[in-house]
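S.K.: next input, structure requested:
(one chain, ligands or ions: 1)
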Amino acid sequence: MNPTDQRDIPLYIYHAGQCDPKKCTGRKLARFDLARLYDRISRLPSLAILLDPTAEKALSPADNYKKGIIVLDCSWEEVERVFPELTKLNLEHRALPYLLAGNPVNFGRPFKLNSAEAFAAALYILGHKEQAEKVLSKFNWGHSFLELNQEPLEEYATAKNSTEIVEMQSHYF
Ligand SMILES: C[S@@+](CC[C@H](N)C(=O)[O-])C[C@H]1O[C@@H](n2cnc3c(N)ncnc32)[C@H](O)[C@@H]1O
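M.R.: Below is the predicted model of the structure:
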């Protein structure tokens, strides 16, 4: 497990402008200064981790997160089109392991997390549990995400590497 670094990990959102601004969890995090919002790809910090549901490699505590974590806030219908466009950037693409959405839109659906849940899951796996809880505290469904996923999140946070995370997730299918 990573030694827990008490400093918050920088969180970035690339906002593709495809969702209802009133319901967008990424915009809400930016309003609370918990994440920084970008609407231009060129501004994204290089070498950061990009949470990409189409990535081949799973996020694990072995990943270097010092440059921050990026979420791409776009419509789920656009995911297959938009993520490949970002492969030209110098980012570390990582998928999250099996976890259930706790938000009312996709409640109980595996892998289909919203932006706030994706950040919280990554933070938890990387040993930044307090920051994960701070992110989720801004949403009235936030506790559901942690309750639904407590056991896998705790287990994933002990993994040595991506291969181990992939093995672990098979316990929850
Ligand atoms: C598709 S957007 C939808 C955002 C939603 N409209 C909202 O208001 O939060 C969710 C983003 O969270 C991240 N994400 C969600 N589930 C993921 C997974 N299983 N693996 C990696 N990233 C994931 C990705 O960056 C993805 O683009």
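S.K.: my guess is residue 112 meets residue 106, correct?
M.R.: Yes - contact criterion Cβ atoms under 8 Å: residue 112 and residue 106 qualify, at 4.7 Å. (C-beta placed from N, C-alpha, C; glycine too.)
S.K.: output the lowest-mean-pLDDT helix or strand in the chain in CSV with nothing but the alpha carbons.
M.R.: None of the helices or strands of the chain scores lower by mean pLDDT, DSSP states H and E than helix 79-85, at a mean of 90. Provided in CSV are the C-alpha atoms of helix 79-85 (Å, rounded to 0.1, in the frame of the first residue of the first chain):
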residue,chain,number,x,y,z
VAL,A,79,-17.2,8.0,-23.9
GLU,A,80,-16.1,5.6,-26.8
ARG,A,81,-15.5,8.6,-29.1
VAL,A,82,-13.9,11.2,-26.7
PHE,A,83,-11.4,9.1,-24.8
PRO,A,84,-9.4,7.9,-27.8
GLU,A,85,-8.9,11.5,-28.8
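S.K.: could you check how far residue 124 is from the ligand?
M.R.: According to Cβ to the nearest ligand atom, to the nearest Å, residue 124 stands 13 Å off from the ligand.
S.K.: what packs against the helix or strand where that residue lies?
M.R.: Assigned by DSSP states H and E, residue 124 belongs to helix 115-125. With contacts taken as 3 or more Cβ pairs under 8 Å, 6 or more residues apart in numbering; DSSP states H and E, helix 115-125 sits against helix 25-31, strand 49-51, strand 69-73, helix 129-136, helix 142-156.
S.K.: okay, now the sheet partners of the shortest one, with direction.
M.R.: In this case it means strand 49-51. strand 69-73 (parallel), strand 92-94 (parallel) (DSSP bridges).
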